[in-house]
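Undergrad: Sequence first, then the predicted structure:
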Amino acid sequence: MALDKMNSSRRTHYCGTLSRANDGERVTVCGWVQRQRDLGGLIFVDLRDRTGIVQLAFDDNTDKAVFEKASSLHSEYVVMAEGKVRVRSAINTEIPTGEIEIEVDVLKILGEAETPPFEIINDSNANEELRLRYRYLDLRRSDIQNNILLRHKIVKVTRDYFDENGFIEIETPTLIKSTPEGARDYLVPSRIKKGSFFALPQSPQLYKQLLMLSGFDRYMQIARCYRDEDLRADRQPEFTQIDLEMSFVEPEDIYTIAEGFIKRLFKEILDVDIKTPLPRLRFTDAMNDYGSDKPDTRFDMKIKDLSDIVENCGFGVFADTVKNGGTVRAITAKNAAGVYTRKEIDKLTEEAKGIGAKGLAFIRWSEDTPTCSFAKFMTEDEMAAIYERTGAEKGDVVLIVADRKNTALSVLGALRLTVAKKLDIIPEGYNFLWITEFPFFEYNEETGNWDAMHHPFTSPLDECLEYLDTAPEKVFAKAYDLVLNGVELSSGSIRISDPELQKKMFKALGLSDEEAAEKFGFLVDAYRYGAPPHGGMGIGLDRLVMLMCGCDSLRDVIAFPKISNSSELMSGAPGEVDDIQLNDLSIAVVKKDD
């Protein structure tokens with residue numbers, strides 16, 4: 001039902017829905033006082049609700065008691081006002097209702113308000129901790145409200161799209177068995193079964209696979225998920241994902257469904273046309289070119305391999321690194337020499353060391369002759385080859401890292417983003433990218449073992465099955481991520497549906513038959529009764545909304561977010577519980593010194 005046509009015996013219109021078309025109508029509006037201006041014989045009140053602001057007018061024609069009541073109003077008072085809409089003598093072009101005002105003859109104060117701890121305005125410069133402590137006030141600000149309203153619209157389009165494409169929305173349990181998912185579980189003690197614990201789901205992974213085995217064919221859910229891990233701007237301990245799973249599919253089918261959703265969503269919500277099919281990049285190529293498995297491809301600055309050029313050079317740092325199995329890689333910041341002075345390059349060096357590099361070599365070409373931190377050890381031909389490989393010209397800065405391959409790539413991937421932001425070369429827009437063919441295992445240099453990069457139900461590429469036992473570095477997965485502007489939006493894979501292959505995968509991941517049965521026995525048993533080939537993905541709703549709103553933090557698109565230590569400032573959660581509750585759960589709290 002349209003907001004301005006709600007059937008109500010009290011409020012007839014929302015503030016922001018009124019316009020010149022309502023001139024002469026008698027209306028009733030409700031909301032909060034944004035501000036009151038008393039000009040003596042004339043009082044103006046800006047009344048705010050979630051749709052916008054409308055001006056209330058009180059003048060010589062206003063009943064004296066109503067006028068006096070209007071003069072007593074302060075910011076954040078809750079009021080109901082009744083009167084006639086009229087065209088304003090002075091139009092305010094800054095608000096949609098700026099052509100009209102309400103000539104009020106009935107005014108009710110529904111709730112008085114103390115002076116709030118910060119002003120309820122957009123682009124507030126109030127400390128974020130203060131705003132989160134009074135989140136219910138912060139949520140009154142229209143910029144935050146607009147984010148929440150956009151989130152609502154995104155969810156509605158999501159449900160409509162997947163319903164139209166044959167998906168069934170099914171809720172999965174919130175209290176589940178603890179299973180390894182890559183992060184720590186949030187545990188919930190059982191009062192009935194003493195000493196046992198539920199876990200809050202990190203994802204509905206096992207249940208959505210069981211739904212495929214149950215014959216539902218296409219499942220989706222706006223699913224709440226929980227992970228006990230360190231937080232950052234694009235991570236919260238409790239989050240929401242658009243979860244989906246499909247039977248009888250290969251990756252191409254999932255790409256098609258997901259791309260159709262993205263195209264529909266961005267067109268309906270932002271009127272932005274997303275060109276499909278979306279580009280794809282194999283994991284190995286993404287790492288080699290951008291130093292990241294979630295690269296921001298709105299700008300170039302690809303990583304170049306200099307190892308073959310410097311393997312026999314006179315600069316020991318480069319030559320020894322290559323000799324010992326490492327690599328020498330570089331990025332070129334075009335037209336950066338004027339911005340990156342030696343002092344600024346020193347800052348980049350400290351950043352590189354903080355990420356794990358031993359140092360940072362550079363070429364700064366600000367004059368006719370480049371300044372280079374290692375040129376005296378190189379021949380002219382070697383330097384010329386470096387300039388050609390990196391595309392370096394006068395005005396550019398080249399940054400070089402010599403280290404183990406993974407370190408060199410990750411450091412340059414991070415510096416690439418730092419430099420691009422500093423140079424302000426990242427254009428507006430939405431660059432989507434599929435990252436495909438992820439490695440199945442990653443080598444753990446600390447333990448000397450090959451660890452799984454994915455959950456244990458991810459299917460290897462068919463052509464890699466022969467290497468499972470003999471060459472784990474050659475095994476790649478039917479796994480894929482969807483990336484938007486350098487942010488991982490979703491992760492998914494084709495699942496294993498062959499019970500024998502699943503047992504082999506458990507063994508390859510170091511799980512004994514007993515451990516596999518304890519952790520995943522119910523799923524393995526289900527596979528014995530006929531499992532269709534299936535796969536799916538989970539799209540991070542919070543991150544999607546954040547990017548579509550143009551926000552920098554998930555906290556701006558979640559009604560009641562947590563801060564970096566996973567606490568909620570407003571309610572004080574998590575909090576202690578009394579001994580009665582602990583006794584019911586047979587739990588004792590052990591106090592430890594910090």
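TA: Here it is on my side, so go on.
Undergrad: count of neighbours near residue 317?
TA: Applying other Cβ atoms under 10 Å, we find 18 residues neighbouring residue 317. C-beta here means a position set from N, CA and C on the backbone, and glycine is covered the same way.
Undergrad: and the nearest residue to residue 305 once chain neighbours are set aside, which of the three is it?
TA: Nearest residue to residue 305, sequence neighbours excluded (Cβ to Cβ, 6 or more residues apart in numbering): residue 329, at 5.8 Å. Following DSSP: H, G, I helix; E, B strand; the rest coil, we place residue 329 in the strand state.
Undergrad: Residue 329 is in contact with residue 400, isn't it?
TA: Yes - when contacts are counted by Cβ atoms under 8 Å, residue 329 is listed as touching residue 400 (7.1 Å).
Undergrad: Overlap in contacts, those two.
TA: Common neighbours of residue 329 and residue 400, counting by Cβ atoms under 8 Å, 6 or more residues apart in numbering, are residue 306.
Undergrad: Residues touching the helix or strand of the chain with the lowest mean pLDDT, excluding its own?
TA: Using mean pLDDT, DSSP states H and E, strand 449-452 stands out as the lowest-scoring helix or strand of the chain, at a mean of 75. The contact list for strand 449-452 (Cβ under 8 Å, 6+ apart) reads 440, 441, 442, 443, 444, 472, 473, 509, 510.
Undergrad: and the second one, what does it touch?
TA: Applying Cβ under 8 Å, 6+ apart to residue 441 gives the contacts 450, 451, 452, 453, 472, 473, 475.
Undergrad: looking at those, which has the most residues close by?
TA: residue 475 (22 neighbours).
Undergrad: which residues touch it?
TA: Residue 475 sits next to 439, 440, 441, 460, 461, 464, 467, 468 when contact means Cβ under 8 Å, 6+ apart.
Undergrad: go on, residue 200?
TA: Going by Cβ under 8 Å, 6+ apart, residue 200 touches 174, 175, 176, 185, 186, 187, 188, 226.
Undergrad: Can you flag the buried ones in the residues you listed?
TA: 176, 185, 186, 226 (16 or more other Cβ atoms under 10 Å).
Undergrad: Next, the contact list for residue 248, please.
TA: With Cβ under 8 Å, 6+ apart, residue 248 has these contacts: 217, 532, 533, 534.
Undergrad: still on that earlier bit, rebuild the contacts of strand 449-452 as a markdown table, extending it with pLDDT, secondary structure and distance to residue 572.
TA: Shown next, in a markdown table, are those (pLDDT from 0 to 100; DSSP: H, G, I helix; E, B strand; the rest coil; distance: Cβ to Cβ, whole Å):
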| residue | pLDDT | secondary structure | distance to residue 572 |
| --- | --- | --- | --- |
| 440 | 88 | coil | 44 |
| 441 | 84 | strand | 43 |
| 442 | 82 | strand | 40 |
| 443 | 78 | strand | 44 |
| 444 | 77 | strand | 39 |
| 472 | 85 | helix | 47 |
| 473 | 87 | helix | 49 |
| 509 | 71 | coil | 41 |
| 510 | 74 | coil | 41 |
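Undergrad: between those, which is nearest residue 135?
TA: Closest to residue 135 out of the contacts of strand 449-452 is residue 442 (39.3 Å), distances taken as Cβ to Cβ.
Undergrad: and the closest one, what are its bridge partners?
TA: Beta-bridge pairing for residue 442 (DSSP bridges): residue 451.
Undergrad: CA atoms of stretch 462-481 as CSV?
TA: In CSV, the C-alpha atoms belonging to stretch 462-481 read as follows (Å, rounded to 0.1, in the frame of the first residue of the first chain):
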residue,chain,number,x,y,z
ASP,A,462,37.5,-33.8,-12.9
GLU,A,463,40.9,-33.6,-14.6
CYS,A,464,42.6,-33.1,-11.2
LEU,A,465,41.3,-36.3,-9.5
GLU,A,466,44.4,-38.3,-10.4
TYR,A,467,46.6,-35.9,-8.4
LEU,A,468,44.7,-36.1,-5.1
ASP,A,469,47.1,-38.5,-3.5
THR,A,470,50.3,-37.7,-5.4
ALA,A,471,50.5,-34.0,-6.3
PRO,A,472,48.2,-31.7,-4.2
GLU,A,473,49.6,-28.6,-5.8
LYS,A,474,48.0,-29.7,-9.1
VAL,A,475,44.5,-30.1,-7.7
PHE,A,476,42.1,-27.3,-8.4
ALA,A,477,38.5,-26.9,-7.2
LYS,A,478,35.1,-26.4,-8.9
ALA,A,479,35.0,-23.3,-6.7
TYR,A,480,34.2,-19.7,-7.6
ASP,A,481,34.0,-16.3,-6.0
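Undergrad: Pull out the buried residues from that stretch.
TA: Using 16+ other Cβ under 10 Å as the test for burial, stretch 462-481 gives 464, 467, 468, 472, 475, 476, 477, 478, 479, 480, 481.
Undergrad: One more: stretch 60-80?
TA: Here stretch 60-80 shows 62, 66, 67, 69, 70, 73, 75, 76, 77, 79, 80 as buried, counting by 16+ other Cβ under 10 Å.
Undergrad: nearest residue to residue 47 other than its sequence neighbours?
TA: Using Cβ to Cβ, 6+ apart and skipping the chain neighbours, the partner closest in space to residue 47 is residue 31 (4.6 Å).
Undergrad: Which helix or strand contains the residue nearest the centre of the chain?
TA: Geometric centre of the chain, nearest residue: residue 543, 2.4 Å, by Cα atoms, centre = their mean. Counting by DSSP states H and E, the element that carries residue 543 is helix 541-549.
Undergrad: on contacts alone, who are the packing partners of that helix?
TA: Contacts defined by 3 or more Cβ pairs under 8 Å, 6 or more residues apart in numbering; DSSP states H and E place helix 541-549 against helix 142-164, strand 238-247, helix 251-270, strand 487-494.
Undergrad: Identify the residues contacting it?
TA: Under the criterion Cβ under 8 Å, 6+ apart, residues 146-147, 150-151, 154-155, 158, 222, 234, 236, 239-242, 266, 269-270, 430, 484-485, 487-489, 552-554, 556-558 lie in contact with helix 541-549.
Undergrad: Only the buried members of the residues you listed: can you turn that into a PyMOL selection?
TA: Buried subset of the contacts of helix 541-549, written as a PyMOL selection, criterion 16+ other Cβ under 10 Å:
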select buried, resi 147+150+151+154+158+234+236+239+240+241+242+266+484+485+487+488+489+554+556+557+558
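Undergrad: picking that back up, pLDDT value on the residue nearest to the centre of the chain, please?
TA: What the model reports for residue 543 is a pLDDT of 96.
Undergrad: try residue 212
TA: Looking at residue 212, its pLDDT reads 96.
Undergrad: Quickly find the element holding it.
TA: According to DSSP H and E, residue 212 maps onto helix 205-213.
Undergrad: just the angle between that helix and strand 238-247, please?
TA: 30 degrees (axes from the mean of the first three to the mean of the last three Cα atoms, to 10 degrees).
Undergrad: buried stuff in helix 205-213?
TA: Those would be 205, 206, 207, 208, 209, 210, 211, 212, 213, for helix 205-213 by 16+ other Cβ under 10 Å.
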